[in-house]
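Q: Got a predicted structure here, sequence first:
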Amino acid sequence: MHATRSLCRGVSLSAAIALSGVVLGTAACGREEAPPELPVRAIKWERVSGTASGEQRVISGIVTAVSDTKLAFEVGGTVQDVLVDIGDQVEADQVLVRLDREPFQLTVADAEAELSKIIALQQSARADFERTKALFEAQVASRQEYDRAEALRDARDSQVEAAQARRNLAQRDLRRSVLKAPFGGSISVREVEPAMEVGGGQVVLEMDSGESGLRVEVQMPETLIARVKQGDPVEVTFPGFADTREGEAPRHAAVVSEVGTRAGAGNAFPVRANLTEPPQGLRPGMTAEAFFTLARAADGVTSRAGLLIPMTAALAEADARFSVFVFDKASSTVKKKPIRTGGIRDNDIAVLEGLEGGEIIATAGVSFLRDGQEVTLLDERLIRTRR
């Protein structure tokens, strides 16, 4: 005890602190400290797709029916009955809207009366012609009388034809006062109410076909339109069908069916892709994201087969090598994998070895990740899509 006290008196405070540290460190040498646990990080990610011979672009679009139409009356009038509403399922030739038919019925009656009058005059003119013809042949009537009777008969015949045409048009207008469904489907837009005055050609309803299928329509930038053609395969996702637990929506196959030849707003061209098998519950008007694999011109990078990944996904290693972190769904961890690159194109790196299509890789903050670290995927809808 006295020796210890003497020792403590003989050293300074700083030396004593250092000595205690040595003692504690020596005591701790007998056991290994567990490495600190890495925090669970939420990572931005991307599914590997697209090859170095094809650049992938994701463009937002909207679901539409392959066959859809705007319905309008060919004649104007006052709306009497509206028999459908938005969302109603209708069959072909089903009555949708009726106009007040009375004005059309009166027009038909007037045309028929006029026709009857002209037919009576026609019959009289024909009878006169036959009599005049007989007298002319008997050399009792003059040639002038014969020609006048013949001209009157021909004029009455023409008047009858004109009256019949007016009657037929009046009957047609009467039939067109009833608007029917051109095919089976559903009502998507209603812009008409009873007692409204509508003009010929004014759109009153819009409907989508229930049998023609669904498609996705996007606006393709003018810089890319030359690299899209009919028959190109497209993958489509629908944010409304995303798995909220994993933040991703399943992909569905589609085929480019139409490529616009005239630019619209923003110098973009309409491109439509028909869905091969639309998911159950998909409806026109829903949003979609279409994944286009666009052909590239051959160059030093794209002429070599490989996959494209963002530059931010590559982790620089020694000797000019690179690695990526691949997400393992089973363990919710990232695995560090070396890759062999084939060059840079735009903001992408061509990967020649080390990755497979469909794998999920981290695309940001890779320098802060460690092999085997537990992570979660950020909601796909929160990630800004690369264009």
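A: Sure, I can see it.
Q: need the next SSE after the longest helix along the chain, C-terminal direction.
A: If you go by DSSP state H, the chain has its longest helix at helix 102-137. Under the assignment DSSP states H and E, the closest C-terminal helix or strand after helix 102-137 is helix 143-175.
Q: Could you check the angle that following helix makes with helix 102-137?
A: 160 degrees (axes from the mean of the first three to the mean of the last three C-alpha atoms, to 10 degrees).
Q: Each with direction, which strands does whatever helix or strand comes next after helix 143-175 pair with?
A: The first helix or strand that comes after helix 143-175 along the chain, using DSSP H and E, is strand 178-180. With DSSP bridges as the test, strand 178-180 is paired with strand 95-99 (antiparallel).
Q: How far away from the center of its chain is the partner strand?
A: Taking C-alpha atoms, centre = their mean, to the nearest Å, the mean C-alpha location of strand 95-99 is offset from the chain mean by 31 Å.
Q: what's the answer for stretch 124-138, then?
A: Relative to its chain's centre, stretch 124-138 lies at 73 Å (C-alpha atoms, centre = their mean).
Q: Kindly report the same for stretch 111-120.
A: Counting by C-alpha atoms, centre = their mean, stretch 111-120 comes out at 56 Å from the chain centroid.
Q: Could you list the buried residues of it?
A: For stretch 111-120, the neighbour count (16 or more other C-beta atoms under 10 Å) marks 111-112, 114-115, 118 as buried. C-beta here means a position set from N, CA and C on the backbone, and glycine is covered the same way.
Q: Double-check E197 against L99; I have them as touching.
A: No: assessed by C-beta atoms under 8 Å, E197 is found out of contact with L99, at 9.8 Å.
Q: Compare those two (neighbour count), which wins?
A: Per other C-beta atoms under 10 Å, whichever of E197 and L99 has more neighbours is L99, with 24 against 10.
Q: Quick check: bridge partners of the more buried one?
A: Bridge pairing for L99 - DSSP bridges - gives V79.
Q: Look up the residues that both of E197 and L99 are in contact with.
A: 77-79 (C-beta atoms under 8 Å, 6 or more residues apart in numbering).
Q: Can you tell me which of these has the most neighbours?
A: G77 (21 neighbours).
Q: Quick check: the gap between that one and D93.
A: Distance, G77 to D93, by C-beta to C-beta, to the nearest Å: 21 Å.
Q: Same check on P194?
A: Distance from P194 to D93, by C-beta to C-beta: 22 Å.
Q: go on, D319?
A: From D319 to D93 the distance is 75 Å (C-beta to C-beta).
Q: neighbour count winner among those two?
A: More neighbours surround D93 than the other of D319 and D93, with 10 against 4 (other C-beta under 10 Å).
Q: Which residue ranges make up each domain of this protein?
A: Domain segmentation of the chain under automatic domain parsing yields 43-66+212-382, 69-93+182-211, 102-176.
Q: Could you look up the SS state of L294?
A: strand (DSSP: H, G, I helix; E, B strand; the rest coil).
Q: Neighbours of the residue lying closest to it once chain neighbours are set aside, how many?
A: Residue nearest to L294 in three dimensions, not counting chain neighbours: R227, with 4.3 Å by C-beta to C-beta, 6 or more residues apart in numbering. Using other C-beta under 10 Å, R227 is surrounded by 17 other residues.
Q: Now do R227 against F269, distance only.
A: Taking C-beta to C-beta, one finds R227 at 12 Å from F269.
Q: got it, and V375?
A: Taken as C-beta to C-beta, the span from V375 to F269 is 40 Å.
Q: next one: D348
A: 24 Å.
Q: for F292, same thing?
A: 13 Å.
Q: Name the residue in these two with the higher neighbour count.
A: F292 (23 against 19).
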